[in-house]
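[1] Predicted model and sequence below, questions to follow.
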Amino acid sequence: MISPQSSKLLKEEVIKHLFPSMNIQQYLMERASFSEPDALADADTRLQICRQVHDLIESGKLEPAHVPWIISCCAEGADLAKLNAELAGLLFRNAMDGVWDAVTKPEVSPSSELKPDHIPDENLIKRFVLGIPTGVGPLTKELLATKGEDEWSDYIEEANIYEFEWGFIAETANHDGGASYDLFVAKAWREAEESMFADLMWPLFLLSMLDDPLPTDVPPPSAEPGEAYYTCLTFSSNGRVGPAQTRTWIGKFLMHGWPILLSRTCMCVEFKFQHDTIA
């Protein structure tokens, strides 16, 4: 665990190197004017690195040796996407709390050896890409029954709902003319503790995008960990990278990366649950 003085130094140095000409608040305002997908992706990565550093400090498990490494990576213009994924890996190992070795043992580690969680339904994915909602179906109703209709009914009524075999996507309009896409997973609300599924999925998603980036000419949308109960990932478009492009990217992700990501997350949740139960 690092000292309060080191924590303060780390935060200051990271912000100084990632946002050399302005503070974070100014950068967030400036980001709204970015038009190039690469510039948007770089901005989101810088903001995610700041969040990862903050979360690592708050976890109390950041080692003194990590401080100069993180600062030097930011100062020397290292591959920020790689740094972001490596920080996510540190957070993930902390979250797994002793079961990392079991999860990454050779016989289950490579994605190619994991069995996909499901076989993607191409017709449902095509509907999503074209922007043709399925509407509220059995899984959406199940979540409403689980969490209570009073809490969720307004959100569901305002959203375009796309149901799949694994859960559903809720599409809502943003103030900037874009849209957000919240991915709800049935296994999260049926089997996992609240937030555990999303907490473990987020770093796995970042690592998967680094190790096996999605082959597509469509610019990737902004991505965030889920914030609402049982929301596992949130993708967002904006006024320049519109909803149609964002749905196209997500559609490719649902076909190629999502089934394995779900499988790996389920495996990690199971190990984490077993470890916490034994402990």
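    Structure's in. What do you need?
[2] Could you use CA atoms for every contact and neighbour count after this?
    Will do.
[3] Confirm that Phe235 sits in a strand.
    Yes - the assignment for Phe235 (DSSP: H, G, I helix; E, B strand; the rest coil) places it in a strand.
[4] ok, how many other residues are close to it?
    Number of residues near Phe235 (other CA atoms under 10 Å) recorded here: 21.
[5] tell me the contacts of it?
    Ser180, Tyr181, Asp182, Pro221, Ser222, Ala223, Glu224, Thr246 (CA atoms under 8 Å, 6 or more residues apart in numbering).
[6] got it, and Phe205?
    By CA under 8 Å, 6+ apart, the residues touching Phe205 are Leu261.
[7] quick revisit: can you flag which of the contacts of Phe235 belong to strands?
    Ser180, Tyr181, Asp182, Ser222, Ala223, Glu224 (DSSP state E).
[8] who touches Trp90 in this structure?
    No, residue 90 isn't Trp; it's Leu. So Leu90 contacts Leu56 (CA under 8 Å, 6+ apart).
[9] element containing it, please.
    Assigned by DSSP states H and E, Leu90 belongs to helix 80-96.
[10] closest to Ser6 among the ones in strands among the contacts of Phe235?
    Nearest to Ser6 among the ones in strands among the contacts of Phe235 is Glu224, at 27.5 Å by CA to CA.
[11] Thr231 is in contact with the closest one, correct?
    No - counting by CA atoms under 8 Å, Glu224 does not reach Thr231; the two are 10.4 Å apart.
[12] okay, the two: which has more neighbours?
    Between Glu224 and Thr231, Thr231 has the larger neighbour count (other CA under 10 Å), namely 24 against 17.
[13] out of everything not next to it in sequence, what's closest to that one?
    With sequence-adjacent residues excluded and distances taken as CA to CA, 6 or more residues apart in numbering, Thr231 is closest to Phe184, at 4.7 Å.
[14] and the one you found, what is it in contact with?
    Phe184 neighbours (CA under 8 Å, 6+ apart): Gly167, Phe168, Ile169, Ala170, Tyr230, Thr231, Cys232, Leu233.
[15] The third one: what's it in contact with?
    Under the criterion of CA under 8 Å, 6+ apart, the contact partners of Ile169 comprise Ile161, Tyr162, Glu163, Tyr181, Asp182, Leu183, Phe184.
[16] Output those in TSV, with distance to Leu56 and pLDDT appended to each entry.
    Shown next, in TSV, are the contacts of Ile169 (distance: CA to CA, whole Å; pLDDT from 0 to 100):
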residue	distance to Leu56	pLDDT
Ile161	35	95
Tyr162	35	97
Glu163	35	97
Tyr181	27	94
Asp182	25	93
Leu183	25	94
Phe184	26	91
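[17] could you dump these to JSON lines with distance to His17?
    Formatted as JSON lines, the contacts of Ile169 follow (distance: CA to CA, whole Å):
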{"residue": "Ile161", "distance to His17": "41"}
{"residue": "Tyr162", "distance to His17": "41"}
{"residue": "Glu163", "distance to His17": "43"}
{"residue": "Tyr181", "distance to His17": "31"}
{"residue": "Asp182", "distance to His17": "32"}
{"residue": "Leu183", "distance to His17": "33"}
{"residue": "Phe184", "distance to His17": "36"}
